[in-house]
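**Student:** Provide a 3D model corresponding to the input given below.
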Amino acid sequence: MRILFILLFTFFITQPFISNAQSVKEMQAEMQNEIKDLKKHITDLEKQIATAKKENPSGVEDLQKELTQLKQQLSLMEQSMKNLAKMPSTLTQQVEKENNNDGDIPGLDKDRIKQIPDKILSNAELTVFVKNMQVEIEKKILPLQKTQAALMFSKAKENGSSPAAIGNMASLCWMNGYAEIALYLMDKACLSDMTNADNLNNLSAFLTMTGGEHLALPILDNLNAQYPNNSTILNNMGQAWFGLGDMLKAKNYLEKAVMYYAIHSQANKTLCKIYKSEGNKTKAVQAIKNSMKKSYSSEKEDMLNDLGEKMGYDELVWKYPKPAGEPLGLDKFLAIMPEYPMNVSDAELKDAQWQYFIKQINNAQEKVIEEIEQLEKIKEAYEVKLQNPSLQPSLMMPYNNPVWKAAIRKLLLFEEWKMDKSLRMYKKREQVDEEVQKLKEKYMEAMEKQTDGIDAQGRQECAQRNALANTFMSAANTLWHDFQLEFIKFEKQSIQEEIGYLMYTSIDPSFFELYKARNKSHFLSTLTTLRYEYVAPCITPKKPEGKRGPLPDFDDVNCQYKTELSLGSMFSIKVECNKMTTKFDLPYVKAEIVENLNTNKSIDIIKGSVEISQGFSKEIPMKGPIKAEVEAKVGAFVEFDNSGITDVGITGEAGVKMETQNVEGIKMEDGTTVSVPGVNEQKVEMGVGVRTSWNAGTTVSGTGIFQGTSVSFK
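**Tutor:** Residues are numbered from 1 along each chain as shown. Have a look, this model is predicted:
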């Protein structure tokens, strides 16, 4: 009696997407096995029904209902197989691995290590070093990038832009793939103000991410001496030594970084590789799990899988709001459910009320089925569009974002959790059924021992019979009531979770409407399967009318999540439920040369994450680059790899505890106040005081434009 398969396949398998954790062929193979098992179960049940008709006709009704349900499940699963076969191959590729693993642990690069000064540079020496670095950068980047970067810097200076503002412009260039321009501008920004720790840190991060780890370390050593225990600096030092192949130093600095910020995304990710190379699987697993607590990506999950571990449903942190309370208003239906008959005095009334309730549910189910049929047609029409190669890229582009990808993965992990829970619930239902059957057998045996009697007025004596019926109904229906209360609670929880994730995975409104309708249908079907035991009084009175109030309507559910981060007029990231759009207006770049800037590049290694802040509350002292662990800032973080943005999040004084209320009047270092809306609709606009601070990620050993570069500090 594998009722759980309705839960697993009705809502998800027919969706036009697939996780990178499971291929289409794997899903088809699994479903074929399930269909095979289900057909065998149907055959066995049909034989059981045939036998029961001869031996125990009274037990056939329940078996027949179960057979009908199983056949419905078989039909749904076979339809799902057809839908899966129609799934366009280009769509399945949308959410394949975001990028390949970084490769093996780098070997020790003695030549580059020898170029690192054997002392911490003084501020004067560091200035000479950064000035000489500018010469090397201009040698490495392509002429078009150099010309455009020089123009941007010149225009920025003419407009009175501060070194901090020019540094932020460099960060925006890096975020949007203009790494050569970013390097040029960041070095110029540093030379304009060698006291700006953000710019110096970011220059070092850019160098590390482009094969210049040996050039980054002199800058980082100087910063570390001035600002000890800064997780951003410690991470960047660890990443630089990792790229140079010195695992002892890399491990030392990275472990210090996570000591100050346990879920540091980049530091934990690289530590995972180091621990794995040491054969310490336990630490490697914990490190990559900690990294995913900050930011999920399929690459990180692949790293976990390579360690022989799988991510659990509760381990993938979900950072986006789901519907508050009970979605679809399911509690309203439960509020009008009849009470269970516990004695013969009101058994007839309760039974009539249940029969009327089931009739109402069936009528409502018919309407929902009609709704599903209409929505199926709309969904199929949209799927035809998705199969059109000329339309698909534009249709799918807004959904190729971290929110959508995380929702898909979370949903599939939830399916696994739900399968386990469903199996436990099904076994418990069987146990309750067995206990009720024992009570029924005991009741029937006791009834057989009763003899009919006639009182003085010629009426049948019923006291003893009714007493036995009362005992049986009370015990049996208490069992059904307690179990079914737990079962309905599980169903409500499941629907709440599913609706919450389906809001983010649906790539068209018609899909979400269809999934909601299917959830409605499933919930109504669940109500029709609720059981109770009924025994009529030994003298049956006229059947009472069980008519009750009208059945309520389902509540509507829509995604209200909106978040927007904007840095002046140059850059914005806007997420509306599961659609993300980025806008980037590169200052002083003419439209006709943008394509050339993107295609003629010498730098392709772009990994890491950036912390962005408008400033800090006066209660939070901050010197040096922004620390990744400072969650109580008004700002955001953006995480990147060479495929683009992998995660984005807005943070505020209330941190992850924000719900729907606004945070008002946060006092900043410059005396201004800032308000942060609640998580359902966040918008952070940052002006001239914005700060950016980069945490470098790992690069591939032996790559990058600065591999053979030497820069003097004299």
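**Student:** and stretch 500-516, which residues are buried?
**Tutor:** Residues 500-508, 510-516 are the ones in stretch 500-516 that count as buried (16 or more other Cβ atoms under 10 Å). Bear in mind the C-beta positions are built from the backbone N, C-alpha and C, glycine included.
**Student:** check stretch 243-258 too.
**Tutor:** Residues of stretch 243-258 classed as buried by neighbour count (16+ other Cβ under 10 Å): 243-247, 249-251, 253-258.
**Student:** average pLDDT for it?
**Tutor:** For stretch 243-258, the mean pLDDT works out to 91.
**Student:** what's next to that stretch, contact-wise?
**Tutor:** Applying Cβ atoms under 8 Å, 6 or more residues apart in numbering, the contact partners of stretch 243-258 are 105-109, 112-113, 208, 211, 213-214, 229, 231, 234-235, 237-239, 241-242, 264, 267-268, 270-271, 274, 277, 287, 290, 698-699, 701.
**Student:** the domain parsing of this structure - what is it?
**Tutor:** Domain segmentation of the chain under automatic domain parsing yields 330-558, 562-696.
**Student:** where does the prediction get shaky in the stretch 601-714 of the chain?
**Tutor:** The stretch 601-714 of the chain contains residues with pLDDT under 70 at 601-694, 697-714.
**Student:** so what does the longest helix seen in the chain touch, helix or strand wise?
**Tutor:** For the chain, the helix with the greatest residue count under DSSP state H is helix 402-448. Secondary structure elements in contact with helix 402-448, counted by 3 or more Cβ pairs under 8 Å, 6 or more residues apart in numbering; DSSP states H and E, are helix 4-9, helix 298-306, helix 463-505, strand 579-584, strand 644-651.
**Student:** try 7 Å
**Tutor:** On a contact count with 3 or more Cβ pairs under 7 Å, 6 or more residues apart in numbering; DSSP states H and E, helix 402-448 meets helix 4-9, helix 463-505, strand 644-651.
**Student:** and of the ones you listed, who's closest to L185?
**Tutor:** Taking Cβ to Cβ, strand 644-651 is the member of the helices and strands packed on helix 402-448 nearest to L185, at 20.4 Å.
**Student:** ok, then the element right after the lowest-mean-pLDDT helix or strand in the chain?
**Tutor:** When each helix and strand of the chain is scored by mean pLDDT, DSSP states H and E, helix 4-9 comes last, with a mean of 36. Using DSSP states H and E, the helix or strand that follows helix 4-9 in sequence is helix 24-55.
**Student:** pretty sure V285 is touching E309, no?
**Tutor:** Yes: using Cβ atoms under 7 Å, V285 is in contact with E309, at 5.1 Å.
**Student:** which of the buried residues of stretch 500-516 sit farthest apart?
**Tutor:** Most distant of those, by Cβ to Cβ, are G500 and S510, 19.0 Å apart.
**Student:** would you map the strands across the chain?
**Tutor:** Secondary structure of the chain (DSSP state E): strands at 562-567, 571-576, 579-584, 608-613, 635-641, 644-651, 663-667, 673-676, 681-686, 691-696.
**Student:** number of nearby residues for M133?
**Tutor:** Neighbour count for M133, taken as other Cβ atoms under 10 Å: 26.
**Student:** do the one 4 residues further on as well
**Tutor:** For I137, the tally of surrounding residues (other Cβ under 10 Å) stands at 29.
**Student:** and if you look at the one 3 residues further on?
**Tutor:** When neighbours are defined as other Cβ under 10 Å, K140 has 20 of them.
**Student:** cool, A29 as well?
**Tutor:** Around A29 there are 11 residues (other Cβ under 10 Å).
**Student:** ok, now P537?
**Tutor:** 15.
**Student:** now do the phi/psi pair for it.
**Tutor:** When read as degrees, to the nearest 10, the backbone of P537 gives phi -60, psi 150.
**Student:** now it: closest residue in space that isn't a chain neighbour?
**Tutor:** Leaving out its chain neighbours, the residue that sits closest to P537 by Cβ to Cβ, 6 or more residues apart in numbering is V344, at 4.3 Å.
**Student:** so how far is S525 from the one you found?
**Tutor:** Distance, V344 to S525, using Cβ to Cβ, to the nearest Å: 30 Å.
**Student:** looking at the buried residues of stretch 243-258, spot the one nearest D37.
**Tutor:** Closest to D37, out of all of these and judged by Cβ to Cβ, is V258, at 45.9 Å.
**Student:** re the thing from before, worst average pLDDT in the domains of the chain?
**Tutor:** The weakest mean pLDDT among the domains of the chain belongs to domain 562-696, with a mean of 52.
**Student:** I figured Q353 hits P338, correct?
**Tutor:** Yes: contact criterion Cβ under 7 Å: Q353 and P338 qualify, at 3.8 Å.
**Student:** relative to N695, how far out is the nearest residue to Q145 once chain neighbours are set aside?
**Tutor:** Spatial nearest neighbour of Q145, chain neighbours left out: E180 (3.7 Å); criterion: Cβ to Cβ, 6+ apart. Remark: distance between E180 and N695 (Cβ to Cβ) = 21 Å.
**Student:** neighbour-wise, which of these two wins?
**Tutor:** The neighbour count for E180 versus N695, taken as other Cβ under 10 Å, is higher for N695 (30 against 26).
**Student:** E301 versus the more buried one, what's the distance?
**Tutor:** Separation of N695 from E301 (Cβ to Cβ) stands at 20 Å.
**Student:** now, of the contacts of stretch 243-258, which are buried?
**Tutor:** Using 16+ other Cβ under 10 Å as the burial test, those include 105-106, 109, 112-113, 208, 211, 213-214, 231, 234-235, 237-239, 241-242, 264, 267-268, 270-271, 274, 287, 290, 698-699, 701 as buried.
**Student:** just to revisit the earlier point, among the helices and strands packed on helix 402-448, which is nearest K131?
**Tutor:** Per Cβ to Cβ, nearest to K131 of those: strand 644-651, 33.0 Å.
**Student:** D111 and Y227, how far apart?
**Tutor:** Separation of D111 from Y227 (Cβ to Cβ): 30 Å.
**Student:** quick one, which of those two is more surrounded?
**Tutor:** Y227 (18 against 12).
**Student:** just to check, that one is in contact with I233?
**Tutor:** Yes: here Y227 reaches I233: they are 6.2 Å apart, a contact under Cβ under 7 Å.
**Student:** the closest residue in space to R465 that isn't next to it in sequence: neighbour count?
**Tutor:** Of all residues not flanking R465 in the chain, C538 sits nearest, at 4.4 Å (Cβ to Cβ, 6+ apart). Residues near C538, counting by other Cβ under 10 Å, number 18.
**Student:** isn't C538 up against N466?
**Tutor:** Yes: counting by Cβ under 7 Å, C538 touches N466, with 6.2 Å between them.
**Student:** overlap in contacts of those two?
**Tutor:** Residues touching both C538 and N466 (Cβ atoms under 7 Å, 6 or more residues apart in numbering): none.
**Student:** what's the local residue count around the residue lying closest to K520 once chain neighbours are set aside?
**Tutor:** Ranked by Cβ to Cβ, 6+ apart and with sequence neighbours excluded, the top spatial neighbour of K520 is V368, at 5.0 Å. Counted by other Cβ under 10 Å, the residues lying close to V368 total 20.
**Student:** and V368, how far is that from D553?
**Tutor:** Look at V368 and D553: by Cβ to Cβ, they are 11 Å apart.
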